[in-house]
Structures are given as structure tokens and as C-alpha cells.
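Participant: Structure for this input, please:
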Amino acid sequence: MKKLAPILLSSVLILAGCEDSPPEGPALEPTAVAAPAFENHDPSVAYVGREACRDCHLAIYNSYARTGMGRSFRPLNAETTVGEFEGSPEFSENGMTYRVFERDGKYFMQEFVKRSSNAQLAMEEHELIWVVGSNNHNRAYLIERDGKLFQAPACWYPQGDRWALCPGYELANEHFTRETTQSCMFCHNGVMRAVEGRRNIFERPYPHGIGCERCHGPGEKHVERWNSGEGFGKRDDPTIVNPALLPGPERQEVCFQCHLGDANQTERIIRHDRPMTSFRPGQRISDIFVPFRFAVQTEFDFGLSSQADRMMLSACYTESGGRLECLTCHDPHVPVVEQPEGYVARACQTCHDVQDCGEEHGMREAAGNDCVPCHMRRAEPDDQRFTEFTDHWIRRDISIDTPDHRESVEIEPIFPERYATLTTGQQAYYRARALTQMTDSSPLRKRAEMNAEASKLYAGAIERGYDTADSRYYYGKLLLTERSFEEAAEQFEAVLRHDPDHRDALFALGQYHQANGDRDRAVEMFDRILTNAPDTAMALAERGRVLFESGDAVAALEHYREALSQEPWNVTYHVNVGMSLAANGRMHEAAELARSAARLDPDRPDVWEFNANVLREIGDEQGA
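Facilitator: Modelled structure (predicted):
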């Protein structure tokens, strides 16, 4: 049999850990802030859920429940379907076939390879538990595995009345293994708190949709106060935030939580001392994020969550000194389709006279005397599929039909006056983070230039005193992409001086030492992870790889099996267990692991090569 070697858990050039989530480590002291103006800014005040608001605010509760935000996340059942499962639809895209259907009151999605004989190969089936999205534009579906949430690969697109791969899956299909992270749920549901020290697991019960408290703050004290009979006037209740009474910038930034974030134009870097879920309405968004954008904005391309980004480019916004805001045109308690006719046009006419319109009278009437069709372009966002959104850049002329080709990759802080309050070391660090994360939205020819600038900024941040576990860790990650392995290892060692238990730095050093043949040091790094968190699958798997490459296939198999038990959806672990079984002469068991790997990821050539090799070993030439 062709010699098999375990697949690396992750390349030393990539590292584990999502870019949108800071590495795990001890909590840092929060930045000192002024005494809160509202009692529910206190972190100890609990969220109580929107049902607690119903009795006192019934009309608003019922109206809001019909909005897109109110319907953003719900359990999938007969009441929340919209007919998308009728007839058990099936579609094929990029070599895979998908079927969705109802069975015994539950809803399922199948993924398989359809052969020319119509036979189904590598079938994977999962129950769809949660639906994400209001059905105004699209709906995504989540599955659960061992209490963890993962996105299913196919989405429903109501504007096209069709199923298709979810946005991004047409470029890189993650099948049923895309983790649903804290940053995903931050804007797709009410506040969901991640279980400390665990990835992809959230405290239950889950909210069913974005609730009242996302805009008004935690309601525990407010409910207690009013239930006790001790009330306030509507305008002086310190237990709850009424955005209508906030100063303009703070009111705007309630919406900026989720609507300032054009995927290919803007990057919001989470402050290292404030988790994103700590934001409270009435605070400044820059208390939680340090947001950057490309200095030269695209005219044609825009993203799904770019409403605030694009609004701020509008002359209406800049020339009014920011008095144009989200609430000028939107009532968050009322569905857009239920707003009175002419609602937006009347908002425009607070500054513009009807006679200012240069169109002929008949053309205005044909458009219902509505300003939006002529001044706010409607098109498919560059990060979506089969759906149109409104571009919130209000312009005199929206006849733009040529996609942008970015030439300048210069970036700038969105709030320069607040950015200026950071130390020079902090400024360099956050700009470096933004540059490295914005390379994906930049031309390939520009990425080396951006990374080189980021590298200088990280070094400068450390020189200027911003020497933290974060600054060292992300500098090390960047050095890895530049293949400066020794220099990267020095940064990861520096991380451990700040935080001896920093999991991702330990993991990176373990891989570095393994690649350099120092197996004892590699084992030391992985064991330090496992001492604190014995169920860390990636450390178990890499510990197994060290053993396998040392010739101890039996001990390696034990570690690989434990890693697989922690993450049974991880295709690499299936392959590694299978290869260890094969190395121990247990070919029929290896063949079963090879088949399960192919079901999880039918796109990987190495998985099919492994299948073929094992099948030949057991004498199944036809199957191979």
C-alpha cells in the first residue's frame, strides 16, 4: 500500500483560530469609562428577553415582531416555514446535489454527489433546527451537533423563489461544517453569550430574533422597577435607554452595531479589552470597535451590512452635519412594507422642495413621487446572491453599471477624532489589524504591499509601548504568512511571556517545533494546552501526529480517536484515524473512516485518494 501519513491539522502558515474572534486568554481589565448615564449600562444588569416587554408595550411588541429584525432567528417548524420545502426541492451546483424535505414534522437537508446513473454517492443528511433571516431577502439554516451550531450549505432566496448555495459557498463549499461564531450571531439574533472557553457553543435559551434590548439595553432593572409600582416619567427613566432621547451620534450608533460593516469596504477591529457583547445603547461604537474603511470608496460595489457606511458618503449626510440619520427614514418598530405611502419622500422634503426635482412632472408621478427610485440604487450586494438591496448612498445620479476595480488600498479610521484619542502604539496596532484583515478585499497584486505595511505597524506598536499578548500574537501570524517562521516563533514566545496559557500561541509553537524536527518541544507545547483543556481537539490531533511520525501508530490512533470524539464533523480527523488504522493493518475499519470523510467533504481530492488506496488494499478494485 502507498505509505500514508496523517494530514496536518492546519498548515503552520495558517494556524487555528478565526480572524474575527480574539484568541482565548485571561480577561483583561476594561478601559476606564465615565460613570454610566443609564443604570442598565452596568454589566451586572441582565437581559430578560422581549417577552418581558409585551404586557406594557403590546402594540409596539406586535408591530416589531413583524419586522425583519423581529423575525431574524427562530426555530424551524411548520409556523416558520414559508413554503420553501414544498415538493421536496432539489438542485445541483458546483458538482454537488442538494435536496430539502419535511419528514414527520421535521425539516432536513441532504447533500450528495449524483453519478451519471443517478446513483447517490457520499450522502450526508442533517436536520435543520434553526432558521436565520426574515425571508425579506434570504434564509439560512442551522444544524446542531453536540450542542454546537453550524450553517447548512444551501439557502432559500425568496426574490428568485429558489434554493442555491449560500453566499460564499459557491467559492469555497464548507458543506455542513461552517461554525456559527459569536460575530455571526451578534447581528443575526438577540444577545447570545458564548460559553466561556468553548468555541461555537452558546448559553441557552437562545433568543428568538433581535429583541427590544438590542436598542434599549438590558431590561432587568426596568422590569423590576415598573413591576414594583415605582415608575418614572417617560423621559426620565434611568433604568432603560430610549434612543429617541439620546444625542444624535449616540442614537445613530445604536444602529451602527450591525449596519456599519460593508464586508468589502470596512473592517471593525474588536478592542482587545471589550467583548463585542458588552456594547450598550447610549455608548459609542468606538468603545467596542475601532472601525476602518478604504479611503477611496467603490461606487458600484456595496455590501449587505453597508447601510451606515454608504449613508455617510451621501451629500445629505455630510452637508447636514450628520443630521440625516437612520431614523430619518426608518421606524424600527414598523415593517418597511407597512410604512405609510410617501413616508420616505416626506422625510426628504424636510430639506428639499418638490420643485427642486429636475425630472418632468410625469416621470415623478410614474415613480409615485418617491425620491428613492431615482436617488438610491437597488442592486445585488457584492457579498450576496440572487437578491437585491437598496444602496444607501443617496446620489443625484445612480446610473452606475460598471463594477469597481480597486487601485488604492489606503485605509482610514471612520471616526478619526476618536481614533486620535488612542495612544500611538494602539493606533499602530489597530491599523495593522485592519490592514491584514482587509487584504481579502484587495487586488492580489496589492496584498504584499499591505502586509509589509502592517508588519512595520506591528513592530512600531510594540516599540511604542503597546506590547501585549494580542500585538505579539497577530504580528506572529502575519510573519507566518510571509514565511518568516523563526521570527514568528519569537513573537509567539513573547505572547507566552504575557500569557503562559495562550492556546493559539502554544499551538503555533508546537507546529513550528514539529516542522523543525524538535518533537520533544512540540509535545511540550501541545501538552501545555491539554493540561488546561484536555478536550482541545486540535492539540490532541497534533499530539497524535507527533506520535505517528515517531513511528508509534498505536498511541497516535488513541489521540486521533479522542480528537475525533470531540469534533466528529472534522474531516481531517476522520482521515487521520483512518490512516492510523491502516498503518495498524486494520484496513476494513480504515475504509469506513475513508467513506465517512468523503461524506463530510466530497470536494477534497486527498480524501478520495485515501478511499481509493484503502479499497485497493482490501481488494475492491471496482470500488477504487
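Participant: which residues touch the closest residue to residue 162 other than its chain neighbours?
Facilitator: Of all residues not flanking residue 162 in the chain, residue 386 sits nearest, at 6.6 Å (CB to CB, 6 or more residues apart in numbering). In this view, the C-beta of every residue, glycine as well, is placed from N, C-alpha and C. Residues counted as contacts of residue 386 (CB atoms under 8 Å, 6 or more residues apart in numbering) are 138, 157, 159-160, 162, 164, 380.
Participant: center of this structure - which residue?
Facilitator: Note on the chain: the residue nearest the mean C-alpha position is residue 184, at 3.6 Å, using CA atoms, centre = their mean.
Participant: host element of that residue?
Facilitator: Applying DSSP states H and E as the criterion places residue 184 in helix 182-188.
Participant: What mean pLDDT does that helix get?
Facilitator: Per-residue pLDDT values over helix 182-188 give a mean of 93.
Participant: packing partners for that helix?
Facilitator: helix 248-259 (3 or more CB pairs under 8 Å, 6 or more residues apart in numbering; DSSP states H and E).
Participant: and if we set it to 10 Å?
Facilitator: strand 130-132, strand 140-145, strand 148-151, helix 248-259, strand 266-270 (3 or more CB pairs under 10 Å, 6 or more residues apart in numbering; DSSP states H and E).
Participant: and that helix, how far from the chain's centre?
Facilitator: Put simply, helix 182-188 sits 6 Å off its chain's centre (CA atoms, centre = their mean, to the nearest Å).
Participant: Whichever helix or strand comes after that helix - contacts with which helices or strands?
Facilitator: Per DSSP H and E, helix 182-188 leads on to helix 213-216 as the next helix or strand towards the C-terminus. Packing partners of helix 213-216 (3+ CB pairs under 10 Å, 6+ apart): helix 220-227, helix 248-259.
Participant: Name the surrounding residues that touch helix 213-216.
Facilitator: Residues outside helix 213-216 that contact it (CB atoms under 10 Å, 6 or more residues apart in numbering) are 38, 40, 46-50, 52-53, 64, 69, 186-187, 189-191, 207, 219-220, 222, 240-243, 251, 254-255, 257-258, 279-282, 332-333.
Participant: circling back: now which of the contacts of residue 386 would you call buried?
Facilitator: Buried positions within the contacts of residue 386, assessed by neighbour count (16 or more other CB atoms under 10 Å), are 138, 157, 164.
Participant: Turn those residues into CSV, including distance to residue 506.
Facilitator: Formatted as CSV, the buried ones among the contacts of residue 386 follow (distance: CB to CB, whole Å):
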residue, distance to residue 506
138, 40
157, 43
164, 41
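Participant: Now, these that are in strands?
Facilitator: Residues from these lying in strands, with DSSP state E as the criterion: 157, 164.
Participant: ok, which stretches of the stretch 501-624 of the chain are helices?
Facilitator: Secondary structure of the stretch 501-624 of the chain (DSSP state H, counting those that start in this stretch): helices located at 503-515, 519-532, 537-549, 553-566, 571-583, 587-600, 605-617.
Participant: Check the stretch 351-500 of the chain too.
Facilitator: For the stretch 351-500 of the chain, the helices defined by DSSP H, counting those that start in this stretch cover 361-366, 372-375, 416-419, 424-438, 444-463, 469-481, 485-498.
Participant: weakest of those helices in terms of mean pLDDT?
Facilitator: Least confident of those, judged by mean pLDDT, is helix 361-366 with a mean of 62.
Participant: to the chain's geometric centre, what's the distance from stretch 348-358?
Facilitator: Taking CA atoms, centre = their mean, the mean C-alpha location of stretch 348-358 is offset from the chain mean by 40 Å.
Participant: What residues of that stretch count as buried?
Facilitator: With the criterion 16+ other CB under 10 Å, stretch 348-358 contains buried residues 348, 357.
Participant: picking that back up, is it possible to get the helices of the stretch 501-624 of the chain out as TSV so that each row also shows mean neighbour count and distance to residue 467?
Facilitator: Below are the helices of the stretch 501-624 of the chain laid out as TSV (neighbours: other CB atoms under 10 Å; distance: least, CB to CB, whole Å):
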stretch	mean neighbour count	distance to residue 467
helix 503-515	24	14
helix 519-532	17	22
helix 537-549	25	27
helix 553-566	20	34
helix 571-583	26	35
helix 587-600	21	42
helix 605-617	18	41
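Participant: Dump the ones you listed into TSV; add mean pLDDT and distance to residue 446 as well.
Facilitator: As requested, these are exported to TSV (pLDDT from 0 to 100; distance: least, CB to CB, whole Å):
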stretch	mean pLDDT	distance to residue 446
helix 503-515	97	26
helix 519-532	97	35
helix 537-549	96	32
helix 553-566	96	38
helix 571-583	95	32
helix 587-600	94	35
helix 605-617	93	31
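Participant: Switch the ones you listed over to CSV; also include distance to residue 73.
Facilitator: Below are these laid out as CSV (distance: least, CB to CB, whole Å):
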stretch, distance to residue 73
helix 503-515, 29
helix 519-532, 33
helix 537-549, 27
helix 553-566, 27
helix 571-583, 28
helix 587-600, 26
helix 605-617, 33
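Participant: Would you mind giving the helices and strands packed on helix 182-188 as a markdown table with distance to residue 608 and mean neighbour count added?
Facilitator: Output for the helices and strands packed on helix 182-188, formatted as a markdown table (distance: least, CB to CB, whole Å; neighbours: other CB atoms under 10 Å):
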| stretch | distance to residue 608 | mean neighbour count |
| --- | --- | --- |
| strand 130-132 | 32 | 22 |
| strand 140-145 | 24 | 20 |
| strand 148-151 | 23 | 21 |
| helix 248-259 | 41 | 20 |
| strand 266-270 | 37 | 22 |
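Participant: Poorly predicted segments of this structure, please.
Facilitator: Applying pLDDT under 70 to the chain flags the ranges 1-36, 231-235, 358-368, 624.
Participant: on that earlier part again, among the contacts of helix 213-216, name the buried ones.
Facilitator: Buried positions within these, assessed by neighbour count (16+ other CB under 10 Å), are 38, 40, 47-50, 52-53, 64, 69, 186-187, 189-191, 207, 219-220, 222, 240-243, 251, 254-255, 257-258, 279-282, 332-333.
Participant: Can I get stretch 517-524 in PDB? Just the C-alpha atoms.
Facilitator: Coordinates of the C-alpha atoms in stretch 517-524 are reproduced here as PDB (Å, rounded to 0.1, in the frame of the first residue of the first chain):
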ATOM      1  CA  GLY A 517      12.200  18.200  14.000                       C
ATOM      2  CA  ASP A 518      12.100  19.100  17.700                       C
ATOM      3  CA  ARG A 519       9.400  16.600  18.700                       C
ATOM      4  CA  ASP A 520      10.100  16.900  22.400                       C
ATOM      5  CA  ARG A 521       9.400  20.700  22.300                       C
ATOM      6  CA  ALA A 522       6.400  20.200  20.100                       C
ATOM      7  CA  VAL A 523       4.900  17.700  22.600                       C
ATOM      8  CA  GLU A 524       5.600  20.100  25.400                       C
END
